[in-house]
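J.: Here is a sequence with its predicted model. Questions after.
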Amino acid sequence: MVVFAIAGSTHGQNCPGSGDCLEPNATPGCSDPGCCESVCTLDPFCCEDWDLTCATTADLTCAGLCGAAASGSCFAANGSPACNDRTCCEAVCLGDPFCCSGAWDASCALFAGFFCEVPGGECGDADAGDCFAANGTPACNDTDCCDVVCGIDPSCCDLNWDAICAAIAADACTGACVVTVDATDGVEAESCDGPSNDACDGGTAETTLPNRAMHGTFRDDLDRDIVMMDVSGLDLDGDGEVRLRLQAAASSARISVRETDCDGGLLFEIEPVACLTTTHVACVPATMLAFVIEPTGEVTDCEDPAWRLATEVADTCGTVCGNDFDCLTPHEHPGCTDPSCCDLVCQQDPVCCQWTWDGPCTVQAAQLCGGPPPENDACSSAIDAALGTTPFRQLLSTPSEPAGDCIDPALRGGDVWFRHVARCDSLVRIGTCSTADFDTLVEVFTGDCRNPVPVECVDDEDFCVFETGSVLIDAACGEHYLVRVSGVDDATGTGELLIECFGATCPCREDLDADGRVDGADLGRLFIDWGGCPKGCAADLDDDGQVGGSDLGLLFAAWGDC
């Protein structure tokens, strides 16, 4: 059958039909309105009899239809609403309807990895996909490269060959091995002329400090470099252990970590593969540690760096799931307060329980576990933001009614609100430039929540990371501003609102007796005016017509000289 595109044709009488779009159904049209219309435009016959050719055309062209090849892989962000495996698509969208109403993004692909059987084969199978790209299947089509990558990250063969697997392949399978060093690294003192730092063979070990990086060379295949690091003073809670994260890169080397000296008890070994940086996190005794670095293959040029190790040490050993740190707030310690949520997140990202609970960990926690909205989710519950930084969580926030036209309302995600009383009569910068970990929209208003008046807004600034930005306004002393920070296009995360003053600061309003200090005398004056207060009343520091708790808080915040 020849397919014709007929300009101006209409198929409304048969679209949608009643049959499956991806199967011959012997009825006019098919059940999905958009797919039916587009296929019938290409081939009007399909709105008389939906045959095999119509079903094939739908499969190849109806992106956004669960099960259509055009929708893209279920195991990678594909840009369409839906994916190419109907059963998987419907299961994921049952849990997260946005995957079929908005876009099949990285979260949908993550859920697919949990709920769906990943297609594909073994290392080297032609159907497994390209090793150097996210291919939507487990494994890849080059046996040797696949084996190396899956030895480093087994999930590449067990679950899905994603962008991380492709990046590992780019480093591990190209045959080019260059140990990357930094100008701030320490460099071993041993030269290529002879051994000097093998403390187990008459030499003197090199020394390094915690939270530093160091690199060195190999003189020959028998060279052995020994580096000592004292971590005995870093245990602050008396449990006798500290958490060590060791990152190492080497062309062909093994790094053994031993207790006390080069002959001490072996704690662990790491052996980087194909010059990739390998990370190992472990609790180790708070004592002197010895790093014994030895070649495991042929040594070429002694002038070229052959190994690099970087260490980080923190006093965070012990149980991490069930500690005192909020799962929805980034913090330096691993783990978080909700044990079940912590376990779920760490199954996906083990680093969250190994080293630090960072922004990506909080996003995973919000997606997997949910939780309450932020305290300042609505304008009516805006929190005070003074000069400097104010931490915030936008995760799990809901959008407010649009005010202003800074951005297409369809792109505005959840938002959080702040109140700011200008403390300088000059230019003020307000925003999230490089202080938030997600794409933000910052808007500043005057007025109140019932009638906010837009002043300025910004989506992105070129020199800010993570598509963040700040606005610059000409402020007036005592002027009240509302600030809204929204996620753009469903972006979500955490950050800090930064407010900076560029000019003269305002007189200290909290100094009610004008003696240059905020002290007990000012506190007494505030209590005298407690309650209803006429407009302009000095003790009404937040200008809400009342002298109350918020004014008391502002006074205490300014306590001392001013």
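T.: Good, I have the coordinates. Small disclaimer: the values here were computed from a predicted structure and weren't measured.
J.: Thr329 against Gly495, yeah?
T.: No - contact criterion C-beta atoms under 8 Å: Thr329 and Gly495 do not qualify, at 11.2 Å. For glycine as for every other residue, the C-beta is placed from the backbone atoms N, C-alpha and C.
J.: Need the residues touching each of those two.
T.: Pro391 (C-beta atoms under 8 Å, 6 or more residues apart in numbering).
J.: Check the secondary structure at the residue lying closest to Thr143 once chain neighbours are set aside for me.
T.: Distances taken as C-beta to C-beta, 6 or more residues apart in numbering place Gly124 nearest to Thr143, at 3.4 Å, with adjacent residues excluded. Look at Gly124: counting by DSSP: H, G, I helix; E, B strand; the rest coil, its state is coil.
J.: And Thr329 and Gly495? Which one has more around it.
T.: The neighbour count for Thr329 versus Gly495, taken as other C-beta atoms under 10 Å, is higher for Gly495 (24 against 18).
J.: before we move on, back to that, my guess is the residue nearest to Thr143 contacts Asn141. True?
T.: Yes - using C-beta under 8 Å, Gly124 makes contact with Asn141 at a distance of 6.5 Å.
J.: If you count surrounding residues, which of those two has more?
T.: Remark: of Gly124 and Asn141, Asn141 carries more neighbours, 19 against 15, as counted by other C-beta under 10 Å.
J.: Just read off the phi/psi values of that one.
T.: phi -90, psi 0 (degrees, to the nearest 10).
J.: Got phi/psi on Thr56?
T.: Dihedral pair for Thr56: phi -70, psi -40, per degrees, to the nearest 10.
J.: go on, Thr440?
T.: Here is the backbone geometry of Thr440 (degrees, to the nearest 10): phi -110, psi 160.
J.: give the contact list for it.
T.: Contacts of Thr440 (C-beta under 8 Å, 6+ apart): 394, 431-432, 459, 466-469, 485-488, 491, 495.
J.: what residues are up against Asp315?
T.: If you count contacts by C-beta under 8 Å, 6+ apart, Asp315 has them with 234-237, 242-243.
J.: Count residues in the vicinity of the closest residue to Val458 other than its chain neighbours, would you?
T.: The shortest distance from Val458 to any non-neighbouring residue, by C-beta to C-beta, 6+ apart, is to Gly469 (4.0 Å). By other C-beta under 10 Å, the residues close to Gly469 number 21.
J.: can you pull the contacts of Gly469?
T.: 431-433, 440, 442, 458-461.
J.: I figured Asp377 was touching Thr398, is that so?
T.: Yes - in this structure Asp377 lies within contact range of Thr398 using C-beta under 8 Å: 6.0 Å.
J.: Mutual contacts of those two, please.
T.: Residues touching both Asp377 and Thr398 (C-beta under 8 Å, 6+ apart): 414-415.
J.: before we move on, the earlier item: taking the contacts of Gly469 one by one, which sit in strands?
T.: Among the contacts of Gly469, the ones falling in strands (DSSP state E) are 431, 440, 442, 458.
J.: Out of these, who's the most crowded?
T.: Within those, most neighbours by other C-beta under 10 Å means Thr440, with 30 neighbours.
J.: mind listing what's buried in stretch 340-350?
T.: Across stretch 340-350, burial judged by 16 or more other C-beta atoms under 10 Å covers 341-342, 344-346.
J.: same question, stretch 397-408
T.: For stretch 397-408, burial by neighbour count (16+ other C-beta under 10 Å) applies to 397, 400, 403-404, 406-407.
J.: try stretch 102-117
T.: Those would be 103-105, 107-113, 116, for stretch 102-117 by 16+ other C-beta under 10 Å.
J.: Need the contact partners of that stretch.
T.: Applying C-beta under 8 Å, 6+ apart, the external contacts of stretch 102-117 come out as 71-83, 85, 87-88, 91-92, 95-96, 98-99, 159-160, 162, 348, 367, 490.
J.: and the residues you listed, which are buried?
T.: 71-78, 80-83, 85, 88, 91-92, 96, 99, 159-160, 162, 367, 490.
J.: Just give me the neighbour total for Ala183.
T.: Using other C-beta under 10 Å, Ala183 has 4 other residues around it.
J.: How about the one 4 residues further on?
T.: A count of neighbours around Val187, defined by other C-beta under 10 Å, yields 12.
J.: again, but for the one 3 residues further on
T.: Glu190: 21 surrounding residues under other C-beta under 10 Å.
J.: Glu303 too?
T.: Residues near Glu303, counting by other C-beta under 10 Å, number 8.
J.: residues in contact with the closest residue to Pro295 other than its chain neighbours?
T.: Closest residue in space to Pro295, ignoring its immediate chain neighbours: Phe218 at 4.9 Å, by C-beta to C-beta, 6+ apart. Shown in contact with Phe218 (C-beta under 8 Å, 6+ apart): 225, 253, 295, 299, 302, 306-307.
J.: now Pro391
T.: 329, 494-496.
J.: So what sits opposite it in the bridge?
T.: Glu496 (DSSP bridges).
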